[in-house]
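Engineer: Structure for this input, please:
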Amino acid sequence: MTVDTHNQDSAAMRFEVFKGALKDGVAARVGRIAFAGRLPIDTPNFIGITSRGTVPHVTPDNVGKHLQTTGAYMALEDFIERPQRYSKRTPPIYESPKTPNNNTRLHSFTAMPQSVTTVLGARRIPAVSSPAGNTNASISVFTSTGFQDLTLKEYLSAVKALKPDIAIPLADLTNSAIAPNSKRALRMAERTDEWIVEWFASLSESATITADASSRTTATFAPILPVSYSMQWEYISRLAEDYLPTGQLSGLAVHDADLLPDLAEHCAALLPLPRLSLSNPPTPHHILRQIALGIDVFALPFLNTISDAGLALSFTFPPPPTSPGETSPTPPQPLAIDLSAAPHATSLLPLTPTCPCYACRTHHRAYIHHLLAAREMLGWTLLQVHNHAVMASFFAGVRAVLGQQGGEEKFAEAVRAFGAIVRDPPN
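Structural biologist: From the prediction side, this is the model:
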């Protein structure tokens with residue numbers, strides 16, 4: 001895969017759907033998101049989750065060499081801590097210089113490879129719930145020095161200064177496992193609607209004042225809230241009627257994929273836009289379900305979590321076919337292998353036999369077991385490389401199945417086979 005070279009001075013995002021079936025308004029589809037100077041993101045696909053601008057345990061040079069991801073999600077709250085002693089200090093990220101190899105402050109400060117598409121949000125995924133909550137003018141973010149308020153004006157200034165490829169506007173979210181009551185859900189929609197109006201007005205004003213094409217390099221993915229469609233229909237209608245025709249709206253950041261059928265029924269004009277899932281799916285089974293609903297790109301925090309736990313993913317999609325004449329059912333396969341388990345202390349097998357990643361090509365289970373037991377950082381680095389490679393292969397398999405003739409039926413069949421072999425763990 002090569003870097004997209006279309007008009008390097010043009011920052012317009014391109015999204016193409018190569019193959020997609022419309023059934024009940026939404027369905028799995030194959031496409032591509034491309035920015036000038038970045039590797040294209042073939043969809044369905046995933047992006048890495050960073051902590052303070054870097055993928056955990058992986059240095060920026062190894063992100064480019066070994067980590068099979070073409071996008072990275074970054075949270076502004078990772079960079080804007082204000083120590084009480086230096087409350088007036090400007091966060092260093094805003095003063096980082098641009099370099100020939102990194103043409104945005106975000107890439108320059110984090111040393112992220114130039115080929116990686118950056119996605120900027122206000123909060124981490126998943127976000128820490130704030131004890132204070134949001135206000136009409138700001139949201140509460142969790143920095144390294146504690147909670148602080150982030151206003152829309154401050155966030156807009158950050159987006160204009162850092163110039164990520166994709167920015168997700170502020171949304172009034174509870175960041176809680178408990179569903180909000182109807183009164184709170186309505187307030188979430190009203191606040192987000194007010195903020196999106198101010199967001200686009202500010203971006204338009206900035207572009208008019210500067211008259212510089214580079215000032216509009218950031219694509220806006222508007223948040224779709226995790227509340228019922230009836231609670232946010234006015235907000236969604238505004239997106240379709242006011243900002244989609246003008247080209248200001250580039251995509252959707254979906255916090256609940258189950259809203260997509262309602263979106264297709266009531267606001268079909270938004271369906272051609274790319275959809276980024278921020279719902280934190282915990283397993284590949286949940287990912288497959290959201291792909292069937294039409295999600296294009298996923299932010300997957302669980303990859304970092306399982307690597308931290310010493311687990312190596314071991315599934316493939318589509319699952320291997322059964323041998324001809326075999327009558328006994330295929331035994332269930334685990335989602336991952338626990339490398340801290342004693343049997344791996346003397347195993348010279350790769351993490352998974354068919355994985356082509358650097359960790360599987362050059363090391364074996366016993367070595368990684370030793371690294372984890374000794375608390376050597378390299379152990380978690382190799383697990384990150386492997387787990388991201390398994391996930392990249394998983395999505396490549398999804399795209400291959402969907403790209404076939406009769407892809408929708410074959411995809412549904414492969415999903416059933418995957419669910420029978422790779423068991424979804426209990427909640």
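
Engineer: Looks to me like residue 127 is in a helix.
Structural biologist: No - going by DSSP: H, G, I helix; E, B strand; the rest coil, the assignment for residue 127 is coil, not a helix.

Engineer: Can you give me the neighbour number for it?
Structural biologist: 21 (other CB atoms under 10 Å). (Glycine included, C-beta is placed from N, CA and C.)

Engineer: Quickly find the element holding the closest residue to residue 48 other than its chain neighbours.
Structural biologist: In space, and not counting its chain neighbours, residue 48 is closest to residue 69: 4.3 Å by CB to CB, 6 or more residues apart in numbering. Counting by DSSP states H and E, there is no helix or strand that carries residue 69.

Engineer: Skipping adjacent residues, who's closest to residue 164 in space?
Structural biologist: Nearest to residue 164 is residue 120, by CB to CB, 6+ apart, at 3.7 Å.

Engineer: can you give me how far the helix or strand that neighbour falls within is from the chain middle?
Structural biologist: Residue 120 belongs to strand 117-121 when assigned by DSSP H and E. Offset of strand 117-121 from its chain centre (CA atoms, centre = their mean, to the nearest Å): 9 Å.

Engineer: Kindly report the same for stretch 251-258.
Structural biologist: Distance of stretch 251-258 from the chain centroid (CA atoms, centre = their mean) equals 11 Å.

Engineer: Quick one: residues in contact with it.
Structural biologist: Residues outside stretch 251-258 that contact it (CB atoms under 8 Å, 6 or more residues apart in numbering) are 13, 15, 121, 166, 168, 171, 173, 219-227, 260, 270, 273-279, 289-290, 293-295.

Engineer: List the buried residues for that stretch?
Structural biologist: 251, 252, 253, 254, 255, 256, 257 (16 or more other CB atoms under 10 Å).

Engineer: Which stretches in the stretch 51-200 of the chain count as helices?
Structural biologist: Under the criterion DSSP state H, counting those that start in this stretch, the stretch 51-200 of the chain contains helices at 60-66, 105-110, 152-162, 182-210.

Engineer: can I see the domain layout of the protein?
Structural biologist: 14-83+102-175+191-207+216-300, 311-324+333-421 (automatic domain parsing).

Engineer: Give me the below-cutoff pLDDT ranges for the chain.
Structural biologist: 1-11, 21-25, 83-87, 100-102, 206-216, 323-330, 424-427 (pLDDT under 70).

Engineer: Quick one: closest of the domains of the chain to residue 89.
Structural biologist: Smallest distance to residue 89 across these (CB to CB): 6.7 Å, for domain 14-83+102-175+191-207+216-300.

Engineer: How far does that closest one stretch from one end to the other?
Structural biologist: 23 Å (CA to CA, to the nearest Å).

Engineer: for stretch 90-98, same thing?
Structural biologist: Counting by CA to CA, the length from the leading to the trailing residue of stretch 90-98 is 17 Å.

Engineer: Buried ones in it, by neighbour count?
Structural biologist: Under 16+ other CB under 10 Å, the buried positions of stretch 90-98 are 91, 93, 96.

Engineer: same check, this time on stretch 400-410
Structural biologist: 401, 402, 407, 408, 410.

Engineer: all helices in the stretch 201-350 of the chain, in order from the N-terminus.
Structural biologist: Ranges of helices within the stretch 201-350 of the chain are 229-238, 260-266, 284-292, 302-308, based on DSSP H, counting those that start in this stretch.

Engineer: Identify the residues contacting the third one?
Structural biologist: Read that as helix 284-292. Under the criterion CB under 8 Å, 6+ apart, residues 27-28, 44, 257, 277, 279, 281, 298, 300, 315, 317, 335, 394, 398, 411-412, 415, 418-419, 422, 424 lie in contact with helix 284-292.

Engineer: Kindly format the C-alpha coordinates of that helix as PDB.
Structural biologist: Output of helix 284-292 as PDB, limited to C-alpha atoms (Å, rounded to 0.1, in the frame of the first residue of the first chain):
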ATOM      1  CA  PRO A 284     -14.500  -9.500  17.500                       C
ATOM      2  CA  HIS A 285     -18.100 -10.700  17.600                       C
ATOM      3  CA  HIS A 286     -19.300  -7.200  18.500                       C
ATOM      4  CA  ILE A 287     -17.100  -5.800  15.700                       C
ATOM      5  CA  LEU A 288     -18.700  -8.200  13.100                       C
ATOM      6  CA  ARG A 289     -22.100  -7.200  14.300                       C
ATOM      7  CA  GLN A 290     -21.300  -3.500  13.900                       C
ATOM      8  CA  ILE A 291     -19.800  -4.100  10.400                       C
ATOM      9  CA  ALA A 292     -23.100  -5.700   9.400                       C
END
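
Engineer: Would you check that residue 109 makes contact with residue 95?
Structural biologist: No - shown here, residue 109 and residue 95 do not form a contact pair, counting by CB atoms under 8 Å, at 9.0 Å.

Engineer: wait, what's in contact with the residue positioned nearest the centre of the chain?
Structural biologist: In the chain, the centroid-proximal residue (CA atoms, centre = their mean) is residue 299; its distance is 2.2 Å. Contact analysis of residue 299 by CB under 8 Å, 6+ apart lists 46, 47, 49, 73, 119, 125, 276, 277, 278, 280.
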